[in-house]
Each structure stands twice: as C-alpha cells, then as structure tokens.
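Asker: sequence-free structure coming up:
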C-alpha cells in the first residue's frame, strides 16, 4: 500500500513542532534553574556525560535505521509475516546492544575523570553520576525499544510526540522541584532514569493497541538477514561519523579547556541545536515518505522533490541564520549575563555551521531514505577522521574557534562533495552542475540577506527585551521579503507552494497564485 505521505507528514510536523516547542521551552527553564541553583560546572558535566554515552551508542550500529528501512517494502505490500519477523530480529539486536553498552560503559568508568580538565563540583562523585547516566541509556534499549520501529515506518511519529509530551511534563515538573527545594543532582538524574523507562513502556502498550497484528515472532530467510546485516555494517560508519562530529567536540573541549568553558560553549550550542531541531522535524517527518516515494515514483519526480526541499530548507535555514546573527548576543546577555558570553565572532561561526549542517542534513535524509549506506560507507569515516584530527590540532591554537572551524571544514571539504557524488550517481543518475548552481544561488542570497539584517539591526535599546523584539520584527520582515522576491519566480517555489497548499489543505489561499 502507499503511505499517505502528505497527510502523515503534516500530522508529524504539527505534533513534532508542538513537542519541539515544549522540549525547548521547558528544558530551557531547567537549564536556567541549574545555572542559578547548581552552577555552570554541572552543565559541563551534563554535556560531557551525554557525549560519552553518545560514543557508547555506537553499539547501536545503525540497527534502527536499517530495520525501519527494511519495513518500507513489507508495509507497502501488506506483508505482515515479514514485519513480525523483522520485529523479532530487531528485538534480539537491541537486547544485545544494551548488554554491549552496559559492559563497555562499565569498563571505561575509571577513565571518566581523565576527560575533565580542572576541578569538578566537590559534592559530586563523577563515577556514580556516570553510572546513573549509563543505566538510563541501557534502559532505552532493553525496554521494548524495538516497537518504535512500527511507528516510524508507518510515518506515525506524531504518536511518539504525544507520549513524550505527557512523560516529560512529569519529569520536568519533579526535576524543577528537586532543583529548587533540595539542589540534589543525584535525585535529578534518578528522575530522568525513571521517566525513560516509563516512556518506553507506555509507547510499547500503545503500539500493541494500534498494531495488534504485529508480534515479534517468525524468522526471516537467511539471505534477507544477510542483507540487513550488511546495511547495519554500512550504517556503522555513518554512526561513527555522526558521533565524532557531534560528540567528540564536547569531549575535546572538556579535556583541553575545562568544564566551565564547556558549559559556556554549550549554552550557545544549546540554542543552535534547538533551532536545528525545529527544522529537523521536516526531515524526520518526511523520511518515510521520501523512502516510499523513491520506491514507487520516477527518478525525475524524486529529483524535482530534492530541488523543492532544497529551496524550502535554504529559505528556512537562511531565516534562522539571520535571526541568529541579530538576536544571539542580546538573548545570551539576558539569559546568562555578560560574564558567560562569547564574542560576536563565535556567532558568525555558529551561523555558518548551522547553514552547512542543514544542507548536509537534507542530503543525508535522501541517503537514509534510499538506503544507500553501502555506497556511502567510507565517507562518514573520512569526514569524522578529518574532523577529529583538525579538532585536536586547532583547539591548541585557536581554542573554541578551532573546534567550530574543524567541524565546518570537515563537512565542506570531505563530507558534502562525497555525499553529492553518491546521491547523484546512485539515486538520480544526473550531473551535479544544475543542482549546484541552484544551491550556490541560494547561498549567495542568504549571505547577502544576513549581511543586510546585521547592518539594519545595529541598534540597541536600554531594555534587552525591547532590543530583541524590534530586531526580531525587522529581521523577520526584511529577510522573508527578500527571500520571496529572490525565489518566487522559480519552478521550485511553485512546487513548494503546491506542497504547502496540499499539507494545509488549501487554507493558505495566497499560495494558489504561485502554483
């Protein structure tokens, strides 16, 4: 059967946005509470543990993506037996993965203090905190995690969003009380562990009710298992690349510059990744639909879709970059104070990083949807290796600038050119020139608009809130008017307008004029 791509994407985006707003606003409050009740070093510890456990999650080996991809075809063909057998295989894999993470994570416990440059909070035992975080990670694999694959493959991530809205409300409420009333960081982590377990159990119960016909039973033919195992091996390299790019930066900062510097950096990065999370809702909501389209539609249709999504992401990312360039510093001053701020040069570096990462995420969405992990297996390793080497060298000369620059350069010089080649020789079977010219045009427009917004938003008022509000209005109006003027005559704009019109069921009537 064909998945109702537009309907499901719209539903996923709506609930994804609601969850993202919620998970941005409330954790922001929690982060602020932690800054003013516990201190910056605790934020540094949080970031360090998260990054270390992300490295341990390499044990996942991309099993989730491989299994979800393997479900696309059985779902389109209503092959229930294959889906059940895939669930059983997924269940076995995740139990083994949880055990591997537990064993390896426990073995490296003595090394944790060596990843911290300087002191840690005197009342904290880093070993105990680390093991508590490790237990939370292991539970994500052992408690029915495999059942999430059904929601993802059926493009029903909106259900997972609803569950998380309920469980994290309880989690953050209890954690806020703990921070204010007791300032006990141990209790704070325990609540997170219990919530993760509850989320998995509730999700499993709802999946059983929605898809009672699917049980973890049956056996796949050996040749199909071999294909899945090959996909897992290929995805391992992608997982390594993502972890090194996203997590090793944090570990290097902690090891070379200390927890306080890491916390200041992570405050900026928290805002950046939160905004990235909003745009990534589009990617996650459309991945299953793109995968279904690649199987059922023509290459020309899928190529046109890529161009359409490139315009949408360039516009959204460009707008975000303009807002970051004009609002970052006054917001950070209002939030954490001038003593915990970075210079404006870091803002420009973060803006470049954000845009490059968004375009890279779009390309990776097509790679994952098409399942071309085997053809792409060496690229993430090369990108990650380049990033790690540049990280270790540049941090010693340029500090935090070196960390951000190494990540940008690794994507631009190694990762993206290779990824372009893989996509256009495997999925679209076309030359790159036309697409790259379009992308170059979008980049030039974004750079010019961003420079203009910075120039027009040099003003400051005595009130930071007023400064932020007026700059936001100026940036939003100016940037979107210029983007519209620059893009509305393109074929991609008409296709994007048609897509938005379809998703909104024609409620945005002005779009019909450009379709």
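Answerer: Looks like it came in fine. Every value quoted in this text rests on a predicted model; they were computed, and no experiment measured them.
Asker: packing partners for the helix or strand harbouring residue 363?
Answerer: Element membership for residue 363, per DSSP states H and E: helix 344-370. If you count contacts as 3 or more C-beta pairs under 8 Å, 6 or more residues apart in numbering; DSSP states H and E, helix 344-370 packs onto helix 259-296, helix 299-336, helix 400-409, helix 416-426, helix 433-456. Where C-beta positions appear, they are placed from N, C-alpha and C, glycine not excepted.
Asker: now the first one: mean pLDDT?
Answerer: When pLDDT is averaged along helix 259-296, the result is 79.
Asker: make 15 the starting number, not 1.
Answerer: Will do, 15 is the new start, and the previous item becomes helix 273-310.
Asker: just checking, what packs against that helix?
Answerer: helix 19-51, helix 54-70, helix 77-90, helix 263-271, helix 313-350, helix 358-384, helix 414-423.
Asker: and if you look at the fourth one?
Answerer: Helix 430-440 is packed against helix 358-384, helix 393-412, with contacts defined by 3+ C-beta pairs under 8 Å, 6+ apart.
Asker: can you lay out these as a markdown table showing mean pLDDT?
Answerer: Shown next, in a markdown table, are the helices and strands packed on helix 430-440 (pLDDT from 0 to 100):
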| stretch | mean pLDDT |
| --- | --- |
| helix 358-384 | 91 |
| helix 393-412 | 89 |
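Asker: make CSV from these and add distance to residue 272 to it.
Answerer: Formatted as CSV, these follow (distance: least, C-beta to C-beta, whole Å):
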stretch, distance to residue 272
helix 358-384, 17
helix 393-412, 12
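Asker: wait, which of those is closest to residue 59?
Answerer: Of all the helices and strands packed on helix 430-440, helix 393-412 sits nearest to residue 59, with 19.7 Å by C-beta to C-beta.
Asker: buried stuff in that closest one?
Answerer: 393-395, 397-398, 400-402, 404-405, 408-409 (16 or more other C-beta atoms under 10 Å).
Asker: now swap in stretch 281-291 and tell me
Answerer: So stretch 281-291, judged by 16+ other C-beta under 10 Å, has buried residues 281-286, 288-290.
Asker: could you check how far it is from the centre of its chain?
Answerer: 10 Å (C-alpha atoms, centre = their mean, to the nearest Å).
Asker: I would like the residues contacting it, please.
Answerer: 34, 37-38, 42, 45, 57, 334, 337-338, 342, 345-346, 349-350, 354, 356, 360, 364, 367-368, 371-372, 375 (C-beta atoms under 8 Å, 6 or more residues apart in numbering).
Asker: go with 6 Å
Answerer: For stretch 281-291, contacts defined as C-beta atoms under 6 Å, 6 or more residues apart in numbering pick out 34, 38, 334, 350, 364, 368.
Asker: and stretch 154-169, by the same measure?
Answerer: With C-beta under 6 Å, 6+ apart as the test, stretch 154-169 has contacts from 17, 22, 81-82, 85, 89, 104-105, 108, 111-112, 173-174, 210-211, 214, 218, 221, 225, 302.
Asker: pLDDT on that stretch, on average?
Answerer: 76.
Asker: what do you get for stretch 99-113?
Answerer: Stretch 99-113 comes out at a mean pLDDT of 84.
Asker: next, residue 133: phi, psi?
Answerer: The phi and psi values for residue 133, taken as degrees, to the nearest 10, are phi -90, psi 160.
Asker: again with residue 196
Answerer: According to degrees, to the nearest 10, residue 196 has phi -120, psi -20.
Asker: and the pLDDT for it?
Answerer: pLDDT, read off for residue 196, is 88.
Asker: report the separation between residue 378 and residue 393.
Answerer: Counting by C-beta to C-beta, to the nearest Å, the gap from residue 378 to residue 393 is 10 Å.
Asker: which one of the contacts of stretch 281-291 sits closest to residue 466?
Answerer: For those, the nearest to residue 466 is residue 334 (15.8 Å; C-beta to C-beta).
Asker: roughly how far apart are the closest one and residue 463?
Answerer: With the distance defined as C-beta to C-beta, residue 334 ends up 12 Å from residue 463.
Asker: neighbours around the residue nearest to residue 443 when sequence neighbours are not counted, how many?
Answerer: Excluding the flanking residues, the one nearest residue 443 by C-beta to C-beta, 6 or more residues apart in numbering is residue 313, at 6.3 Å. Neighbourhood size, residue 313 [other C-beta atoms under 10 Å]: 12.
Asker: cool, residue 131 as well?
Answerer: By other C-beta under 10 Å, the burial measure for residue 131, its neighbour count, is 15.
Asker: return the per-residue confidence for the residue of the chain positioned farthest from its centre.
Answerer: Going by C-alpha atoms, centre = their mean, the residue of the chain most distant from its centre is residue 476, 36.1 Å out. Looking at residue 476, its pLDDT is 90.
Asker: swap in residue 76?
Answerer: We have a pLDDT of 61 for residue 76.
Asker: how about the contacts made by residue 267?
Answerer: 276, 279 are the contacts of residue 267 under C-beta under 6 Å, 6+ apart.
Asker: please tell me how far it sits from residue 328.
Answerer: From residue 267 across to residue 328, the span is 30 Å (C-beta to C-beta).
Asker: check residue 128 too.
Answerer: 43 Å.
Asker: what about the two, which has more around it?
Answerer: For residue 128 and residue 328, the more surrounded residue by other C-beta under 10 Å is residue 328, and the numbers stand at 24 against 8.
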